[in-house]
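Trainee: Mind folding the following:
(one chain, ligands or ions: 2)
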Amino acid sequence: MRIRRTILATLLTSALLLASLFTGTASGTTSSQDSTQKATVLFTVYSMQPPNAYMVPIVIIEQGQFKPPIAGDSDASEITSFSNAYYSKGRKYRVLFGGGEAGSLTVNKSNQGEECTRTSADVGLRTTAKLNRNVMALATNSDSLGKAKSTRRSPTAAERTALMPLVRAAYREKGVPAALLSSLMTINLTALDLDNDGKSELVGSFVVKKQKGGAARYPLFLFAEPQGNSYKTTVLQFERFTAKDIMSGADLTAIENGVYLERLIDALDLDGDGASEVITVRDGLEGDGYQIYKKQGAKWDKIYEFSNYRCGF
Ligand SMILES: [Ca+2]
Ligand SMILES: [Ca+2]
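Mentor: Ligands and ions are numbered 1, 2, ... in the order given. Here you go, the predicted model:
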């Protein structure tokens with residue numbers, strides 16, 4: 001029941017967020033521009049229909065430490081304080097995409113009074129990035145982050161062709177029958193040079209659908225790193241959802257629409273060591289979960305997690 005409620009809440013929230021993009025101009029906050037803040041705040045920028053967009057804080061970076069920002073269940077006073085500090089009408093932020101400059105956004109209105117989107121702000125977006133449901137960008141108050149040249153792009157046909165056998169192999173290793181792999185859907189696949197060696201890594205989200213004998217969905221999220229003429233994959237997230245997990249009234253197709261499926265937000269060098277960290281989102285549990293991965297040695301570690309509770313349903 002909880003999962004069903006979560007999915008419905010997520011869909012409702014998406015609808016509310018979309019609706020909020022079209023509700024004209026409400027009065028913005030009137031607080032003065034803050035000039036004394038030293039913390040770096042990183043926001044995710046979501047946009048289904050540019051230039052309408054909204055921003056949500058995902059991490060605060062202070063003296064190298066990653067700290068959670070306000071969430072939907074923070075005290076009202078904290079939310080007001082954050083909103084006053086960062087969401088004054090007309091405030092501008094740099095927009096980053098693939099680790100480089102990609103334009104700017106301007107705050108239109110804080111959503112602190114909205115039940116399910118209170119940590120967000122509606123913004124006007126000017127960007128070279130082509131955003132959609134599965135392609136997000138970042139925004140920040142930092143002057144120093146994201147000064148690299150963006151390496152983010154769609155994968156070439158050759159890259160896709162080289163990767164897909166490894167995606168299928170990853171599913172087989174997880175016990176998904178080969179017969180189901182004809183239903184494999186690529187939800188999003190992105191090429192980025194994460195370690196600046198001139199060769200692109202791939203980050204992808206996939207779903208396999210089982211229709212007969214008990215419907216199910218198998219979401220998979222992975223990084224693939226070049227190895228010779230092919231790739232090696234690091235499977236970071238594989239899950240199974242059956243009709244039992246998702247009660248009547250909700251639809252398993254929500255998963256291919258992004259619920260419970262980990263997806264790339266963007267990559268950005270957050271600690272100045274020349275290699276990009278990878279920032280992802282996973283919708284669920286009445287809110288969104290955000291993750292930051294960093295490559296340490298040969299493996300990727302999750303170095304930060306933040307759950308933004310939005311609202312119950
Ligand atoms: Ca690389
Ligand atoms: Ca780094």
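Trainee: from what I can see residue 107 touches residue 139, true?
Mentor: No - no contact is recorded between residue 107 and residue 139 when judged using CB atoms under 8 Å, the distance being 9.9 Å. For every residue, glycine as well, the C-beta is placed using N, CA and C.
Trainee: which residues does residue 235 bridge with?
Mentor: Applying DSSP bridges to residue 235 yields these beta-bridge partners: residue 222.
Trainee: separation between it and ligand 2?
Mentor: Distance check for residue 235 against ligand 2: by CB to the ion, to the nearest Å, it reads 22 Å.
Trainee: same question, residue 98
Mentor: 14 Å.
Trainee: swap in residue 134?
Mentor: Distance from residue 134 to ligand 2, counting by CB to the ion: 24 Å.
Trainee: surely that residue meets residue 256?
Mentor: No - contact criterion CB under 8 Å: residue 134 and residue 256 do not qualify, at 10.6 Å.
Trainee: did I read that right, residue 84 in a strand?
Mentor: No - Residue 84 sits outside any strand when classified using DSSP: H, G, I helix; E, B strand; the rest coil, being helix.
Trainee: Give me the neighbour count for it.
Mentor: 16 (other CB atoms under 10 Å).
Trainee: Then the one 10 residues further on?
Mentor: When counting by other CB under 10 Å, one arrives at 18 neighbours for residue 94.
Trainee: All the strands of the stretch 201-313 of the chain, in order from the start?
Mentor: Taking DSSP state E, counting those that start in this stretch as the criterion, the stretch 201-313 of the chain carries its strands at 201-210, 216-227, 230-238, 241-242, 263-268, 277-284, 287-296, 299-309.
Trainee: Residue 107 and residue 139 - which one has more neighbours?
Mentor: residue 139 (29 against 22).
Trainee: Let me see the contact set for the nearest residue to residue 268 once chain neighbours are set aside.
Mentor: With sequence-adjacent residues excluded and distances taken as CB to CB, 6 or more residues apart in numbering, residue 268 is closest to residue 99, at 5.2 Å. For residue 99, the contact set (CB atoms under 8 Å, 6 or more residues apart in numbering) comprises 146, 148-152, 192, 266-269, 276.
Trainee: now residue 99: how far from residue 193?
Mentor: Using CB to CB, to the nearest Å, one obtains 9 Å as the distance from residue 99 to residue 193.
Trainee: Residues in contact with both of these two, list them for me.
Mentor: Taking CB under 8 Å, 6+ apart as the contact rule, the neighbours common to residue 99 and residue 193 are residue 151.
Trainee: Retrieve the pLDDT associated with the residue of the chain positioned farthest from its centre.
Mentor: The centre of the chain is farthest from one residue, residue 213, which by CA atoms, centre = their mean lies 32.8 Å away. Here the pLDDT value assigned to residue 213 is 85.
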